[in-house]
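Trainee: This is the structure alone, sequence omitted:
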């Protein structure tokens, strides 16, 4: 339900969740300014208290995160040289590519339903699913809602996604019961929030005017231009509720929640135990250390620049009171106070660049981060072994990624089935469609992570040599992406040799095959005395 006016924001029972979401969002966004703001360090103009102190007043969190690389303050007079490696954002993108690099196939045996699905779930829906999958991997949860706006599309329902840090869900027995979505506009410390509560059959809207930590009072929707468009929609007034509602015309929730994987740290929180965690949950310190190593490596490069120290009188004097300078093309820019007749000689300074130490440390951290996120290094094109591998070894190194993908597909498969049915029900209720929303639906995901065909071919060769599989079985194994009709034709081509360029083996002159002998036997013809029999391929020849 919609929260009470002047209540804390975010709600206290979800404060720990939103603290984690703030960190994951900063790593996903990849902004050095945002990382410094969240962890309490300074960057640019952000020298005030950290996100956690301002949101929660928790000095303990601030003290803990000050030990992070991104929580350190730059010393006065020092140049800010912190650099960020966007590995977290790459992990989220790879997760989305594994799931929706190719759009899933959503089909129905009902031809009318299938035709309508092809119209409703076109290429745009595939792009939305890819974006939602990236958000889900980055923040641990994402929501897909079905609505309609005849100004945008007069004929079809619309699908949109909402990020986890803009939603306040309520679960029961692992199932989403209702959810509140929020949009914010802040100016001069005053925050306007539009809250959108979705429950089965209805969507309720309300606007609150408060500050960063307090929801504030309810104001009319048409009091501000950001929410004025909602007041023009036909609303249901209900004196027992705050805000105004819209009937969806269906008796179920019009939102689907998808979690990435169950959280390890929220399992003891009743309101958060059913929420998901990000891929990088648990490896944030390693990500922070990687940025520290990368910044140190680049600092060594800066310090390793060659410098020549020369007496001040060797610089170019610009006259009394105008100082002296060096021509940078000569790379002479460090001056030392020394008498012109002194015996100071030119000296060079060049610090060592510890590239091997930094490289090996960075590699170890990357391996820990990628593995801790549930993926194989080869998925990111980073095989640290760097040795020649067989196809089987290559596939074995991808197994961790395969298991992670399979776990995510279990969540997404159920969600897409629910989403498709909701789309069809909204289509019937709001657009008068004649399709059957209860028709059977099947979701098929593209096989983007699988054994290579070379691995399957090697397996087939071993089975053939062991005489442990038929030609049909071997064709299905090697060509598992083909339909049954194609496989039948391939079996026929192999057995007849029609596409191999090799004619089927013929018996020598004067000999009969077992099939020819069988035919003669059925016709009552005796075996000619001067003809021998060609043994079958799987039988030993006479005398052997």
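Mentor: That came in fine, so what should we check first? Everything quoted here is computed from the prediction, not taken from an experiment.
Trainee: Below-threshold pLDDT in the stretch 401-544 of the chain: ranges please.
Mentor: By pLDDT under 70, the low-scoring segments of the stretch 401-544 of the chain are 448-455, 480-481, 483, 498-544.
Trainee: got it, and the chain?
Mentor: In the predicted model, the chain carries pLDDT under 70 at residues 41-66, 74-79, 231-243, 306-319, 321-350, 383-397, 448-455, 480-481, 483, 498-544.
Trainee: quick one, longest strand in this protein?
Mentor: strand 175-187 (DSSP state E).
Trainee: Partner strands of it and their direction?
Mentor: Counting by DSSP bridges, the strands paired with strand 175-187 are strand 167-172 (antiparallel), strand 190-199 (antiparallel).
Trainee: and those strands, which is most packed in?
Mentor: Comparing these by mean neighbour count (mean count of other C-beta atoms under 10 Å), strand 190-199 comes out on top with a mean of 20. For every residue, glycine as well, the C-beta is placed using N, CA and C.
Trainee: so what strands line up beside the helix or strand following that strand?
Mentor: Using DSSP states H and E, the helix or strand that follows strand 190-199 in sequence is strand 202-210. Strand 202-210 sits in its sheet next to strand 190-199 (antiparallel), strand 217-219 (antiparallel), strand 244-247 (antiparallel), going by DSSP bridges.
Trainee: So which of the strands paired with strand 175-187 is nearest residue 411?
Mentor: strand 167-172 (13.7 Å; C-beta to C-beta).
Trainee: Make a markdown table out of the strands paired with strand 202-210 and add distance to residue 36.
Mentor: Formatted as a markdown table, these follow (distance: least, C-beta to C-beta, whole Å):
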| stretch | distance to residue 36 |
| --- | --- |
| strand 190-199 | 22 |
| strand 217-219 | 34 |
| strand 244-247 | 41 |
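Trainee: Please parse the protein into its domains.
Mentor: Split into domains by automatic domain parsing, the chain comes to 84-277+373-444, 453-496.
Trainee: so which of the strands paired with strand 175-187 gets nearest residue 488?
Mentor: The nearest among the strands paired with strand 175-187, by C-beta to C-beta, is strand 167-172 at 48.1 Å.
Trainee: Not counting its own residues, what contacts the closest one?
Mentor: By C-beta atoms under 8 Å, 6 or more residues apart in numbering, the residues outside strand 167-172 that reach it are 10-11, 14, 141, 143, 176-182, 257, 271, 273-275.
Trainee: Buried subset of those residues, written for PyMOL?
Mentor: PyMOL command restricting the contacts of strand 167-172 to the buried ones, with burial defined by 16 or more other C-beta atoms under 10 Å:
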select buried, resi 10+14+141+143+176+178+179+180+181+182+257+271+274+275
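Trainee: count of neighbours near residue 472?
Mentor: 14 (other C-beta atoms under 10 Å).
Trainee: which non-adjacent residue is nearest it?
Mentor: Among residues not flanking residue 472 along the chain, residue 491 sits closest, at 5.3 Å (C-beta to C-beta, 6 or more residues apart in numbering).
Trainee: Is it correct that that neighbour is in contact with residue 475?
Mentor: Yes. Taking contacts as C-beta atoms under 8 Å, residue 491 lies within contact range of residue 475: 5.4 Å.
Trainee: Who has more neighbours out of these two?
Mentor: residue 475 (21 against 17).
Trainee: Packing partners of whichever helix or strand that one is part of?
Mentor: Secondary structure assignment for residue 475, by DSSP H and E: helix 471-478. In terms of contacts (3 or more C-beta pairs under 8 Å, 6 or more residues apart in numbering; DSSP states H and E), helix 471-478 is packed against helix 453-465, helix 484-496.
Trainee: relative to helix 471-478, how tilted is the last one?
Mentor: Direction vectors for helix 484-496 and helix 471-478, defined by axes from the mean of the first three to the mean of the last three C-alpha atoms, to 10 degrees, enclose an angle of 120 degrees.
Trainee: Can you point out the buried residues in helix 484-496?
Mentor: So for helix 484-496, counting by 16+ other C-beta under 10 Å, buried means 487, 490-491.
Trainee: quick revisit: distance check, the residue nearest to residue 472 against residue 471.
Mentor: 5 Å (C-beta to C-beta, to the nearest Å).
Trainee: can you give me the strands for the stretch 351-500 of the chain?
Mentor: 442-444 (DSSP state E, counting those that start in this stretch).
Trainee: in this protein, which helix has the most residues?
Mentor: The longest helix of the chain (DSSP state H) is helix 399-431.
Trainee: to the chain's geometric centre, what's the distance from that one?
Mentor: Centroid displacement of helix 399-431 relative to its chain, using C-alpha atoms, centre = their mean, to the nearest Å, is 16 Å.
Trainee: Report the contact partners of residue 366.
Mentor: Contacts of residue 366 (C-beta under 8 Å, 6+ apart): 87, 290, 377, 382.
Trainee: wait, isn't the third one in contact with residue 364?
Mentor: Which is residue 377. No. Using C-beta under 8 Å as the test, residue 377 is too far from residue 364 to be in contact (11.6 Å).
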